[in-house]
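>>> Next one to model:
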Amino acid sequence: MAGADSPSAALQRRDLCARGIRLAGKMRADVLNLLDAYAERQGLDASASVAAVEGVPAAAVERWDEQTGTQRLLENLAAYRAFRALLAQMLEEHREQLGEADAALGRALAAVLLQVSAFAYHLEELLRLESRGPPGEEQEQEEEEEEEEEADGPPPQPPGLFEQKLRGLGVLRELAQWAVRSARDLRQLAKPSPGSGPAPSLAESP
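Purely as a prediction, here's the structure:
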């Protein structure tokens, strides 16, 4: 962590945070547009109540201001890895159900999936800088072991078409919330650490 306190590392961290904030802002705008289109195409009310999305950490967190930079990044990375898998599943289900009948929605889903993947990679870069180590390798291994243990039990029943639609709505809605949380986390992370000297402030809006 000593290297992370050097002026060059602090400048690099601020640059990565600034780019991440812009990426989060663009992603949120695209997700909100996709959310409206998805609800309309699926015949859903965009404000409909949906259950929490399994496997995705909630964007809202208690004692947010007490978290360390590494904790923030790890939570963000876990969320976007989960979103990456969920969006890929949504895209596959969309293609199976509609094929080329609604290509525009499929392209929009694919575009958001690419943004989520790029943002996860961006978070990994920040984690390397923050911890000077490979990000999340142990966490990924634990998740794989948990998935293997779950696979030993009876296979889960596939959700019905309506449940799939509601789950997709919940995924997109939670992703939009995470984009807001991510921008807020990155602004906090970009703040100079004690003793690092003054630095120009980042713009408040993504």
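>>> which helix in this protein runs the most residues?
helix 7-42 (DSSP state H).
>>> which stretch of helix or strand covers the most centrally placed residue in the chain?
With distances taken as C-alpha atoms, centre = their mean, residue 80 lies nearest the centre of the chain, 3.0 Å away. With secondary structure defined by DSSP states H and E, residue 80 is part of helix 69-98.
>>> average pLDDT for that helix?
Taken as a whole, helix 69-98 has a mean pLDDT of 90.
>>> Return the list of helices and strands in contact with it.
Secondary-structure packing of helix 69-98 (3 or more C-beta pairs under 8 Å, 6 or more residues apart in numbering; DSSP states H and E): helix 103-131, helix 137-151, helix 161-190. Using the backbone N, CA and C atoms, a C-beta is placed for each residue, glycine as well.
>>> Compile these into CSV and extend it with columns for distance to residue 95 and mean neighbour count.
Formatted as CSV, those follow (distance: least, C-beta to C-beta, whole Å; neighbours: other C-beta atoms under 10 Å):
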stretch, distance to residue 95, mean neighbour count
helix 103-131, 6, 18
helix 137-151, 24, 10
helix 161-190, 13, 20
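>>> worst average pLDDT in those?
helix 137-151 (a mean of 48).
>>> if we can go back for a sec, show me what contacts the residue nearest to the centre of the chain?
Residues in contact with residue 80 (C-beta atoms under 8 Å, 6 or more residues apart in numbering) are 116, 119-120, 123, 178.
>>> repeat that with 6 Å
Residues near residue 80 by C-beta atoms under 6 Å, 6 or more residues apart in numbering: 116, 119-120.
>>> Same check on residue 73?
Contacts of residue 73 (C-beta under 6 Å, 6+ apart): 123, 126-127.
>>> rerun at 10 Å
Neighbouring residues of residue 73 by C-beta atoms under 10 Å, 6 or more residues apart in numbering: 20, 67, 123-131, 135-136, 182, 185-186, 189.
>>> Name the nearest residue to it, ignoring sequence neighbours.
Using C-beta to C-beta, 6 or more residues apart in numbering and skipping residues adjacent in sequence, the residue nearest residue 73 is residue 127, 5.0 Å away.
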